[in-house]
Structure formats: C-alpha cells, structure tokens
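S.K.: no sequence on this one, just coordinates:
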Ligand SMILES: [Zn+2]
C-alpha cells in the first residue's frame, strides 16, 4: 500500500476509501436513473474524503433527497444541480446511516428549506450524536498535522527538483485536502427531525417511496425502494467496488438484507458509493462472498481456531475472495483487507458467540 494510503487508513479509518484513482479533483456528476430520479456523485476531496452518491426524487409536490454527502459543499453542489432540474422545494432528506459521509451536508438543505423533514432510522440519530460527532471532532484534530506533513513533502520534492507532473499532483492533492478541512470545520451537526423503527412510506406527487430499515453495515441502515419503478437505493449496504465494512457490520443480518434486496428484483440499483451500472450483479456477488466468508469462519471455529487465528488464516485467501467480487487489479487488492475482510472476519467470528453490540467497537 502506498505510504499515503497507509497513513490514511491509520488516521481516518472510518472516513476514507482507498485511492482508486489519482484524480484528486474528480468533478461531481449527475445521471438520470429513472423518470424524475437522479443520481449525483460528489467530488473526491483529495485523499481524506470520498466520492459518494446522493439521489433526488423529483415531483410536482417537491423533492426527496437520499443522503447529503461528506461536507456542506457536497450538498450545495447537488442543490445547485437540482435547481437546474426543478424549482420545487426539497421536502424530505433521508440519511441512510450515521457514517459522516452521508449526513454532514444536511445543513445546506435545512438552511434552504426550513420546513424540511430530515429522516433516519431511530438508531442512526443516536449513533450520529454519540459516535459520528466525537469521531468527526477527532478527525478535525488529525487533519491539520496530516496536511502539514503533505506540505513538508511538497517542499522536499520541490527542493529535490521532482518532475513537474509529480509536483502538480501533490499541489492538487494538498489544495483539495485543505478545502476539505475548511469544509469540515464549517459543518453544523444537523440531526434528523423524524425517525422511525422499521419502515416508512412517503407519497410524493403520486409516487410511493418506501424507506425500510435493515441492519447490515450499521444497526440503523435504511434503503429506499420505489415499488412501481423498481428502483432501489441501497446506501452503504452496497458499496462498489469494495464493500465497506468499517464502522459496524452485522454479517448475518447483512446477508439476510442482501437476500431481501435481490428478492425485490430491482431494475435499477444505486449503491452508496460507486456506479449504478452493474450494481444489481454486485448485490449477488457480495452475497456469495459474504456467505463464503461466514462459512469459512464457522469451519475455522469448529476446528478450534480462536478469533485472531481465524482472521489470519482466512486473510491469506484475500486474493481468491476479492476475485469473487471482481477485484483482481493490483491497485485495488490492498484495500480489500482493511476496508472489508478484516472487519468482516472479526465480526463474523464474534457473532458466533454472542449477538453483536449496537455500537461499533472503537477499533472498528
Ligand atoms: Zn459511505
């Protein structure tokens, strides 16, 4: 793993996806995924934030937005794009779960639409307050020294007459990271004002929008389903190209959730991160991978291996397991263990002994 990526894992383990591309200034995108349904991707935020998806459902009666991005500039960008598509107000904002990259842009919508309903599952609101906020405050302490280390790095490279391209790359990264820090410092924690336990339905402009609770990556996950249009928005129950298990993970329930999602037979699937194209197949690939890993953990325990031995033994099969979801590139493989396999193995082993706690352990 490159030094910088390794550092990121250490510093921002709940906040950073690996460097899938070195395009630190990746621009936001807008894509129509159904009639009146749009997918927005956020910018990359250097190597300290990540590209995520928001979905807007438009109607004559107003708009519902699913997930609000990492920082206020993410939601501001989506709102600016939305304004090109409709002049109707955003009436509902749904936060799929408590991870900071799905709700810390909430304030933009609240400021623009004071009557806004911000919706989450009831556990999520508690976890935002008790886990996400302290972790964000901790990230805010760790970001400045990390940025300072990049500045030192850049100065050293300039002194050593590094290539133009290398210098430009690092300058771009540094600027993106600085922008991200400024954005993160501007976050006003804006909590949901409507929560539910198991499911909710919203009728908006004649369209039925279902919000359904699942316990997959967190105890308060929500996915959104449009039954008539068969459009499924998964939040981080599905993350592509690598499932993201850090910051929670309930293996047995996650498997059951994937089975439920597949049984819906959706025509369009939008993941929490990554492309919609091919996402239906990714649900099935993830299901097979998760089932295989859980089975291997069971076998290991029957053979008398303890948790650490199990993680080590099955961890050696990382390349074979990653290939089950199409991860074969040398560039992506190093991220498979820290972002998925290690956490999933620990949690799968623990789950054989006792039900998993609602709050993720600090180390996860
Ligand atoms: Zn996420």
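M.R.: Happy to help now that I have it. Only a predicted model underlies this, so the values are computations on that prediction, with no experimental measurement involved. Residues are numbered from 1 along each chain as shown.

S.K.: which of the residues in stretch 326-339 are buried?
M.R.: Neighbour counts over stretch 326-339 (16 or more other Cβ atoms under 10 Å) mark 327, 332-339 as buried. The C-beta positions use only the backbone N, C-alpha and C, and glycine is treated the same way.

S.K.: so, in contact with the ion or not, that stretch?
M.R.: No - contact of stretch 326-339 with the ion is not found when judged by Cβ under 5 Å from the ion; the minimum separation is 11.0 Å.

S.K.: Same question for stretch 245-254.
M.R.: No - in this structure, stretch 245-254 remains apart from the ion according to Cβ under 5 Å from the ion; the gap is never smaller than 8.7 Å.

S.K.: now the end-to-end length of that stretch.
M.R.: When the termini of stretch 245-254 are compared using Cα to Cα, to the nearest Å, they are 10 Å apart.

S.K.: and stretch 98-107, average pLDDT?
M.R.: The average pLDDT for stretch 98-107 rounds to 96.

S.K.: distance between that stretch and the chain's centre?
M.R.: Using Cα atoms, centre = their mean, to the nearest Å, we find the averaged C-alpha position of stretch 98-107 to lie 10 Å away from the chain's own average C-alpha position.

S.K.: Can you give the contact residues for stretch 313-329?
M.R.: Residues outside stretch 313-329 that contact it (Cβ atoms under 8 Å, 6 or more residues apart in numbering) are 241-243, 282, 285-286, 288-289, 292-293, 296-297, 300, 305, 332-333, 336-337, 341-342, 345.

S.K.: rerun at 6 Å
M.R.: The set of residues external to stretch 313-329 that reach it, using Cβ atoms under 6 Å, 6 or more residues apart in numbering, is 285, 289, 296, 333, 336-337, 341, 345.

S.K.: For that stretch, buried residues please.
M.R.: Of the residues in stretch 313-329, those scored as buried under the neighbour-count criterion (16+ other Cβ under 10 Å) are 313-314, 318, 321-322, 325, 327.

S.K.: Also stretch 79-98?
M.R.: Neighbour counts over stretch 79-98 (16+ other Cβ under 10 Å) mark 79, 81-82, 86, 90-98 as buried.

S.K.: from these, which two are the most distant?
M.R.: Farthest-apart pair in those is 86 and 98; separation 28.8 Å (Cβ to Cβ).

S.K.: count of neighbours near residue 28?
M.R.: 18 (other Cβ atoms under 10 Å).

S.K.: so after the worst-scoring helix or strand of the chain on mean pLDDT, what's the next helix or strand?
M.R.: Between all helices and strands in the chain, the lowest mean by mean pLDDT, DSSP states H and E belongs to helix 3-11, at a mean of 37. Once helix 3-11 ends, the next helix or strand along the chain (criterion: DSSP states H and E) is strand 29-34.

S.K.: After that following strand, which helix or strand is next?
M.R.: Counting by DSSP H and E, the element after strand 29-34 in chain order, helix or strand, is strand 37-41.

S.K.: List the strands paired with that following strand, with their directions.
M.R.: In the sheet, strand 37-41 lines up against strand 29-34 (antiparallel), strand 53-59 (antiparallel) (DSSP bridges).
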